[in-house]
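Visitor: Sharing a model prediction with you, sequence too.
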Amino acid sequence: MPGLTLAQSTLPPLAFRQHISSRLADVIGAIILHADFQPPFRHPTLVQIWDFSLRTKYLHPLGARCHRGRPARQVPRPDTQLRCGLRG
């Protein structure tokens, strides 16, 4: 938003942000368990939605960190490709 400084911006309440994170986790879990997401032939649309949801869940807390003036890079990045078997 043009002209809006960090001090003037607002974040949704913590409970709402936690609700969003839990819903994203539910979506990610449902996609991983879906039959069309299982190897060897993963449905490309499910892979895109899974990736978007995972990245959104990862970046979600970074907004609050940046809002408080903390560096965003301190949030550990999960190695999801290894956990879900997408590499190799």
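Guide: Thanks, I have it.

Visitor: use CA for all of it now, contacts and neighbours both
Guide: Fine.

Visitor: report the longest helix in this protein, please.
Guide: Identified as the longest helix of the chain according to DSSP state H is helix 44-67.

Visitor: Pull out the buried positions in that helix.
Guide: Within helix 44-67, the residues scored as buried using 16 or more other Cα atoms under 10 Å are 46-47, 50, 53-54, 57-58, 60-62, 64, 67.

Visitor: now it: mean pLDDT?
Guide: For helix 44-67, the mean per-residue pLDDT is 86.

Visitor: Could you shift the numbering so residue one becomes 694, and keep it that way?
Guide: Happy to do that; since the first residue is 694 now, the last one works out to helix 737-760.

Visitor: And it, what does it pack against?
Guide: Judged by 3 or more Cα pairs under 8 Å, 6 or more residues apart in numbering; DSSP states H and E, the packing partners of helix 737-760 are helix 707-726.

Visitor: And for the helix it packs on, what's in contact with it?
Guide: 730-731, 739, 743, 746-747, 749-750, 753, 777 (Cα atoms under 8 Å, 6 or more residues apart in numbering).

Visitor: Save the buried residues of helix 737-760 as TSV, and put in distance to Leu717 too.
Guide: What follows is these, written out as TSV (distance: Cα to Cα, whole Å):
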residue	distance to Leu717
Leu739	14
Val740	15
Trp743	10
Ser746	6
Leu747	8
Lys750	6
Tyr751	10
His753	10
Pro754	12
Leu755	15
Ala757	17
His760	21
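
Visitor: Pro706: which of those residues is nearest?
Guide: Comparing those against Pro706 with Cα to Cα places Ala757 closest, at 10.5 Å.

Visitor: Distance of that closest one relative to Asp719?
Guide: Ala757 sits 21 Å away from Asp719 when distances are taken as Cα to Cα, to the nearest Å.

Visitor: so what's the backbone phi/psi at Arg761?
Guide: Per-residue torsions, Arg761: phi -90, psi 0 (degrees, to the nearest 10).

Visitor: re earlier: quick one: the longest helix of the chain to helix 707-726, angle?
Guide: With axes from the mean of the first three to the mean of the last three Cα atoms, to 10 degrees as the basis, helix 737-760 and helix 707-726 are set at 160 degrees to each other.

Visitor: export helix 737-760 as PDB, just CAs?
Guide: Taking Å, rounded to 0.1, in the frame of the first residue of the first chain, the C-alpha atoms of helix 737-760 are listed here in PDB:
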ATOM      1  CA  PRO A 737       0.900 -31.800 -11.500                       C
ATOM      2  CA  THR A 738      -1.900 -29.700 -10.100                       C
ATOM      3  CA  LEU A 739      -1.700 -31.300  -6.700                       C
ATOM      4  CA  VAL A 740       2.100 -30.700  -6.700                       C
ATOM      5  CA  GLN A 741       1.500 -27.000  -7.500                       C
ATOM      6  CA  ILE A 742      -1.100 -26.600  -4.800                       C
ATOM      7  CA  TRP A 743       1.100 -28.500  -2.300                       C
ATOM      8  CA  ASP A 744       4.000 -26.300  -3.100                       C
ATOM      9  CA  PHE A 745       2.000 -23.100  -2.800                       C
ATOM     10  CA  SER A 746       0.500 -24.200   0.500                       C
ATOM     11  CA  LEU A 747       3.800 -25.300   1.900                       C
ATOM     12  CA  ARG A 748       5.500 -22.000   0.900                       C
ATOM     13  CA  THR A 749       2.600 -20.000   2.300                       C
ATOM     14  CA  LYS A 750       2.800 -21.800   5.600                       C
ATOM     15  CA  TYR A 751       6.600 -21.300   5.700                       C
ATOM     16  CA  LEU A 752       6.300 -17.600   4.900                       C
ATOM     17  CA  HIS A 753       3.300 -16.900   7.100                       C
ATOM     18  CA  PRO A 754       5.200 -16.300  10.300                       C
ATOM     19  CA  LEU A 755       7.800 -14.200   8.500                       C
ATOM     20  CA  GLY A 756       5.300 -11.400   8.200                       C
ATOM     21  CA  ALA A 757       4.900 -11.100  11.900                       C
ATOM     22  CA  ARG A 758       8.700 -11.300  12.400                       C
ATOM     23  CA  CYS A 759       9.300  -8.500   9.900                       C
ATOM     24  CA  HIS A 760       6.500  -6.500  11.500                       C
END
